[in-house]
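J.: Coordinates only, no sequence provided:
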């Protein structure tokens, strides 16, 4: 499948990252996808923990909002 849109520098960086991820998994596509899913789940749990921490701080008055 080829794309008709021109390649940008961002696409080049993304392609390089994809190639790097595949190479890190020895060329195994399933292992690459598995590693990316695990990394995504880890990041989602980190976001959840941070949201809880900010919510607790805000509810206890430790988080000051700007009131211009």
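T.: Thanks, I have it. Predicted, not measured: the structure shown is a model, and the values here were computed from it.
J.: going forward, measure contacts and count neighbours with C-alpha atoms only.
T.: Fine.
J.: what's the spacing between residue 45 and residue 29?
T.: Residue 45 sits at a distance of 24 Å from residue 29 (criterion: Cα to Cα, to the nearest Å).
J.: and if you look at residue 52?
T.: Distance from residue 52 to residue 29, by Cα to Cα: 35 Å.
J.: likewise residue 14?
T.: For residue 14, the distance to residue 29 equals 16 Å [Cα to Cα].
J.: ditto for residue 61
T.: On the measure of Cα to Cα, residue 61 and residue 29 end up 48 Å apart.
J.: any idea which helix is longest in the protein?
T.: Using DSSP state H, we find that the single longest helix of the chain is helix 29-59.
J.: can you give me the offset of that helix from its chain's centre?
T.: Offset of helix 29-59 from its chain centre (Cα atoms, centre = their mean, to the nearest Å): 9 Å.
J.: Then stretch 27-37?
T.: The chain centre lies 15 Å from the centre of stretch 27-37; the measure is Cα atoms, centre = their mean.
J.: so what secondary structure elements neighbour the longest helix of the chain?
T.: helix 9-24 (3 or more Cα pairs under 8 Å, 6 or more residues apart in numbering; DSSP states H and E).
J.: repeat that with 6 Å
T.: For helix 29-59, there is no helix or strand it packs on, judged by 3 or more Cα pairs under 6 Å, 6 or more residues apart in numbering; DSSP states H and E.
J.: the more surrounded of residue 61 and residue 29?
T.: residue 29 (13 against 9; other Cα atoms under 10 Å).
J.: Give me the below-cutoff pLDDT ranges for the chain.
T.: The chain contains residues with pLDDT under 70 at 1-10, 62-68.
J.: Repeat the analysis, applying 80 as the threshold.
T.: 1-10, 55-68 (pLDDT under 80).
J.: Nothing else from me, thank you.
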